[in-house]
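1. with the sequence up front, the predicted model follows.
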Amino acid sequence: MKNDLEKIHQAVSEIEKVIVGQTPLIWKVLTALLADGHVLLEGVPGLAKTLLVATLGKTTGGIFQRIQMVPDMMPSDILGTYLYTDGKFEVEKGPMISANLVLVDEINRAAAKTQAALLQAMQERQVTIMGKETFQLPDPFMVLATQNPIEHEGTYPLPEAQLDRFLLKLLVDYPSKEDEVHILQNTHLDRRDRLADIHPIFLTEEIIYLRERIKAEVQVEEYAHRYIVDLCRATRNPTEYQLSKIEGTIRLGVSPRGILGLRDVARVQAFFAGRKFVYPEDIQRMAKDVLRHRIILSYSAEMEGVTADEVIEHILNEVPVP
């Protein structure tokens, strides 16, 4: 385990050559990678969301593709289409079919029909072109999507079904004052090719190996399973856990997919800590990132300015820790 952890720390250091002041964010993205999940990054423009994903793509050594979403983009632009040439139809594959890591930039600038084209790929790891031919996607396969906050002009909210396909929703905030000074002093960011000095740390086969090793070696005891279930059930039925303060604030709670996701990332967090057992703090550390986009607040709660993070914080504070 020690050598694998050293390599993961090396990957973080490599990414930090160009991504300054976002160390916790980098670790969470790597958590999703090793938990075999997709990530939604939300933040205002200019916070290096796209650069982070591009750097991760080079660090992991797989095939990287970037899709810039625009309002007039069609599903065929992502998945592929059939072209008639030399008297026959031939498949022109889209950028998703051959990539290990796909950056979907500004996903909420595309219309709902195009957003929906991602669903099959994210869940089933395969795509069907124009309802005719199905292609298996490579392993590993990961979608990292960036989006601007909904209140920004020209954006479309993601449908609930698509939000649930993302293992994590990570909020990207402004760096600290000192980190912004370091950004100005970072010579890598002055170059036209900012990734010129970024080197691959992993082979794709190593990522698959690490995923399987974490599943096999890091144990999740029954008390941890029950704690995960209690946290997620509290979003669906607060009265079952005497959470009267948030009763009526949640219109739709966390699905079983969210329960599985919280277990998977907690296991990776335990691995990062050099442990073979999941502790409650592993679960608590990732709870907001796994659950915030799976909780649909009631209309009255939205009007009062209640956030999903506030609801999750209350649940974490009130549900007994085993």
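-> Thanks, I have the structure now.

2. which one in the protein is furthest away from the centre?
-> G87 (43.0 Å; C-alpha atoms, centre = their mean).

3. OK, contacts around that one?
-> By C-beta atoms under 8 Å, 6 or more residues apart in numbering, no residues touch G87. In this view, the C-beta of every residue, glycine as well, is placed from N, C-alpha and C.

4. what's the distance between it and T114?
-> In this view, G87 and T114 are 31 Å apart by C-beta to C-beta, to the nearest Å.

5. sorry, back to before: relative to K132, how far out is the residue farthest from the centre of the chain?
-> 18 Å.

6. with H314 instead?
-> To K132, H314 is 49 Å away according to C-beta to C-beta.

7. tell me which of the two has more neighbours.
-> More crowded of H314 and K132, by other C-beta atoms under 10 Å: H314, with 17 against 9.

8. neighbours around the residue nearest to that one when sequence neighbours are not counted, how many?
-> Counting by C-beta to C-beta, 6 or more residues apart in numbering, H314 lies nearest to I246, which is 5.6 Å off, once chain neighbours are set aside. For I246, the neighbour count with other C-beta under 10 Å is 21.

9. got the contact list for I246?
-> Going by C-beta under 8 Å, 6+ apart, I246 touches 238, 311, 314-315.

10. how about L144?
-> Residues near L144 by C-beta under 8 Å, 6+ apart: 29, 38-39, 41, 53, 56, 101-104.

11. now do 7 Å
-> By C-beta atoms under 7 Å, 6 or more residues apart in numbering, L144 lies in contact with 38-39, 41, 53, 103.

12. using JSON lines, lay out these together with pLDDT, secondary structure and distance to A266.
-> Formatted as JSON lines, those follow (pLDDT from 0 to 100; DSSP: H, G, I helix; E, B strand; the rest coil; distance: C-beta to C-beta, whole Å):
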{"residue": "H38", "pLDDT": "97", "secondary structure": "coil", "distance to A266": "18"}
{"residue": "V39", "pLDDT": "97", "secondary structure": "strand", "distance to A266": "16"}
{"residue": "L41", "pLDDT": "94", "secondary structure": "strand", "distance to A266": "21"}
{"residue": "V53", "pLDDT": "87", "secondary structure": "helix", "distance to A266": "24"}
{"residue": "L103", "pLDDT": "91", "secondary structure": "strand", "distance to A266": "26"}
